[in-house]
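Asks: Here's a sequence, model it:
(2 chains)
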Amino acid sequence: DVKVTQSSRYLVKRTGEKVFLECVQDMDHENMFWYRQDPGLGLRLIYFSYDVKMKEKGDIPEGYSVSREKKERFSLILESASTNQTSMYLCASFNTGIEGRQPQHFGDGTRLSIL
Amino acid sequence: AQTVTQSQPEMSVQEAETVTLSCTYDTSENNYYLFWYKQPPSRQMILVIRQEAYKQQNATENRFSVNFQKAAKSFSLKISDSQLGDTAMYFCAFILYNNNDMRFGAGTRLTVKP
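Replies: Numbers count the residues shown, from 1 in each chain, chains lettered A, B, ... in the order given. Reported below is the predicted structural model:
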């Protein structure tokens, strides 16, 4: 089974701090994603990466950056955390298979609170 | 841009009964995939069912089936013989055939009552 592991389930940080959310997948997937999940808004894409050192902006990239130095790891960085970044963050990955679009596999999520 | 709409924020159903969750989407493209994901209270998102747009036959996975109406851009999920373990948030998702950008609906919170 594919395993997507997010480093923390709960995280509390202060306004202005630099915050790192880590995600690791163990199935050699090419594509990795960071979403934020807010009630009534569903999942909104922050950034995704289709290869090492490659990244693409999603719908809401402002205030975030990402890093993908190794294929298995995709990090989300809040450069200077603000209270409106309090949310649930979900990491996902999938491979582009010859059988067509494969479903995404998700991590357990990180509930981040910015005080 | 593609959008996905789930118009039912919350639904409930009695155990063993059938419930249908609705989803509509908007796209001008012809080749795409649709998914239903389930997020139980434990939070990990898991795939329920997948539908390729080029297939006319509706996908089925055990008690879960879809009603895919391509012309109407509708993709509803039917859960038969509802079980307590079906209690979860359900998200409808859409992705173009040649794109990595998956779009999600706002979700429907389903509660199965004993």
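
Asks: Stretch B:64-75: which residues count as buried?
Replies: B:64-66, B:68, B:73, B:75 (16 or more other C-beta atoms under 10 Å in any protein chain shown). The C-beta positions use only the backbone N, C-alpha and C, and glycine is treated the same way.

Asks: For the host helix or strand of A:R36, name the packing helices and strands.
Replies: Using DSSP states H and E, A:R36 maps to strand A:31-38. Helices and strands touching strand A:31-38, by 3 or more C-beta pairs under 8 Å, 6 or more residues apart in numbering or on different chains; DSSP states H and E, are strand A:19-25, strand A:42-49, strand A:64-70, strand A:73-78, strand A:87-94.

Asks: Just the buried residues of stretch B:64-75: which are in strands?
Replies: B:64-66, B:68, B:75 (DSSP state E).

Asks: Show me where chain B has its strands.
Replies: For chain B, the strands defined by DSSP E occupy B:3-5, B:10-14, B:19-21, B:24-26, B:32-39, B:46-52, B:60-61, B:64-69, B:74-79, B:88-96, B:103-104, B:108-113.

Asks: In JSON lines: these, plus distance to chain A and mean pLDDT.
Replies: Output for those, formatted as JSON lines (distance: least, C-beta to the nearest C-beta, whole Å; pLDDT from 0 to 100):
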{"stretch": "strand B:3-5", "distance to chain A": "8", "mean pLDDT": "93"}
{"stretch": "strand B:10-14", "distance to chain A": "11", "mean pLDDT": "97"}
{"stretch": "strand B:19-21", "distance to chain A": "13", "mean pLDDT": "98"}
{"stretch": "strand B:24-26", "distance to chain A": "13", "mean pLDDT": "96"}
{"stretch": "strand B:32-39", "distance to chain A": "4", "mean pLDDT": "94"}
{"stretch": "strand B:46-52", "distance to chain A": "4", "mean pLDDT": "92"}
{"stretch": "strand B:60-61", "distance to chain A": "12", "mean pLDDT": "93"}
{"stretch": "strand B:64-69", "distance to chain A": "14", "mean pLDDT": "96"}
{"stretch": "strand B:74-79", "distance to chain A": "15", "mean pLDDT": "98"}
{"stretch": "strand B:88-96", "distance to chain A": "6", "mean pLDDT": "93"}
{"stretch": "strand B:103-104", "distance to chain A": "4", "mean pLDDT": "89"}
{"stretch": "strand B:108-113", "distance to chain A": "9", "mean pLDDT": "97"}
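
Asks: any chance of those in TSV, plus distance to A:E72?
Replies: Formatted as TSV, those follow (distance: least, C-beta to C-beta, whole Å):
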stretch	distance to A:E72
strand B:3-5	29
strand B:10-14	38
strand B:19-21	34
strand B:24-26	32
strand B:32-39	23
strand B:46-52	21
strand B:60-61	29
strand B:64-69	31
strand B:74-79	32
strand B:88-96	22
strand B:103-104	24
strand B:108-113	33
